[in-house]
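> Generate coordinates for the sequence data below:
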Amino acid sequence: HVTSRAPQEAMAAAAPGAQAPPKAVDDIRNTKIETLTTFIMRELKDRELAILMSAMQLSFKFIVRAVRKAGIADLYGLANTSNSSGDEVKKLDLLSDEIMIDALTKSGTCALLVSEEQEEPIVVPPEFRGHLCCAFDPLDGSSNIDCNVSTGTIFSVFRKTSEGEPCKEDILKPGTEMIAAGYCMYGSAVDLVITFMNGVHRFTLDDSIGEFVYVGPMSFPPKAKTIYSCNEGNYQLWDPEIQKAVELFKNPSEGKPYSARYVGSMVSDVHRTILYGGIFMYPADKKATKGKLRLLYEGLPMASIIEQAGGVASTGMFKGSVQRILDVVPEHIHDRCPIIMGCERDTSMVLRLYE
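Here you go, the predicted structure:
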């Protein structure tokens, strides 16, 4: 015999001294769900940033729709062109780029846009112009999208501080001047992870209401798992310190060897690194002396999230010294930097090898 829970809950709530049962986020009676927009207005009271993030989340919904329909909409495969960095471009790269540019331009909050897919910065027309500068990788991990690997969008936001027409100098700043950074991951769930330099916050897209719902703060676990993540196909090209670090992960002086996990999508690898602990590396090598990952829309936003979550983000040896990623100033909009980021335990071990 199956009975409805509702009358039982009502009776329990009516009992003397009883407390009402808590409402889950997915409870249809819960009218106090915290969305991304309400969160920003409550925490920051910044209307322009709230409008920008509203345009961002609309872009993410369009992109995930395209990603999920890629097979039946003939969006798999190459677009027979290359981007600003010389990488082959997929059809979904171009579509995601168009979606982001259109939404951010029409939001009325941006002065300058930088996209991985565009050679030059995009100056927003005066009639749509705001006070923010945004850099983004519209579809990170797209090289693996044909085999259904998780992808994502990475972004950083700066405030325009100069007078006159927007120019690239408005965004060629160190990460310490960012006002927001984040990524949206298109996987089994659609997770938006963002920092406004006050900790890291996680939102998940609730398809039933079409909103990103606040899940809670996000940080490295107190007891980090032993996981290292890097492309070991480049081992012979790395400097001796990085080679030694990987050998130490495989053969530690005590304890079990680290597990190797590498997806090849920065969003996926960093997301796992924060949730489980461990380290993610894409160091410089003999072929790519500045590393492979771009600073403005990959290195800086991810470094900010890692640090705000309680981790460490370093370049390793770069231009003669070990540097904090957030202190590096991009020389041009598609500049690159090496990446060593993760929990303090593992990144410190790697950086000590340079002493």
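> Just checking, which helix or strand of this structure averages the lowest pLDDT?
Ranking every helix and strand in the chain by mean pLDDT, DSSP states H and E puts helix 5-14 at the bottom, with a mean of 45.
> Tell me which helix or strand comes right after that helix.
Downstream of helix 5-14, the next assigned helix or strand under DSSP states H and E is helix 36-43.
> Can you pull out the residues in contact with that next one?
If you take Cβ atoms under 8 Å, 6 or more residues apart in numbering as the criterion, helix 36-43 is touched by 34, 46-47, 49-50, 53-54, 57, 192, 196, 198, 201, 203, 211-212, 214. Any C-beta I mention is one placed from the backbone N, CA and C, and that applies to glycine too.
> Helices - which of those land there?
Arg47, Leu49, Ala50, Met53, Ser54, Gln57 (DSSP state H).
> ok, those vs Leu172, which is closest?
Leu49 (20.9 Å; Cβ to Cβ).
> Surely that closest one touches Ile194?
No: applying Cβ atoms under 8 Å, one finds Leu49 not in contact with Ile194, separated by 10.6 Å.
> Just the CA trace of the strand or helix carrying Leu351, in CSV.
Per DSSP H and E: Leu351 is located in helix 344-352. C-alpha atoms of helix 344-352 as CSV (Å, rounded to 0.1, in the frame of the first residue of the first chain):
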residue,chain,number,x,y,z
GLU,A,344,48.6,24.1,-2.4
ARG,A,345,50.1,20.7,-1.5
ASP,A,346,50.9,19.7,-5.1
THR,A,347,51.7,23.1,-6.7
SER,A,348,54.1,23.9,-3.9
MET,A,349,55.9,20.6,-4.4
VAL,A,350,56.4,21.4,-8.1
LEU,A,351,57.5,25.0,-7.5
ARG,A,352,60.0,23.9,-4.9
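> now it: mean pLDDT?
Helix 344-352 shows a mean pLDDT of 97.
> Could I get the buried residue list for it?
Asp346, Thr347, Val350, Leu351 (16 or more other Cβ atoms under 10 Å).
> Could you do stretch 246-261 as well?
By neighbour count on 16+ other Cβ under 10 Å, the buried set for stretch 246-261 is Val246, Leu248, Phe249, Tyr258, Arg261.
> Quick one: distance of it to the chain centre.
27 Å (Cα atoms, centre = their mean, to the nearest Å).
> measure it end to end?
Chord length of stretch 246-261, first to last residue, is 13 Å (Cα to Cα, to the nearest Å).
> Please apply the same query to stretch 287-305.
Termini of stretch 287-305 sit 28 Å apart (Cα to Cα).
> that older thread, got a winner among the ones in helices among the contacts of helix 36-43 for most neighbours?
Within the ones in helices among the contacts of helix 36-43, Met53 tops the neighbour count with 27 neighbours, counted by other Cβ atoms under 10 Å.
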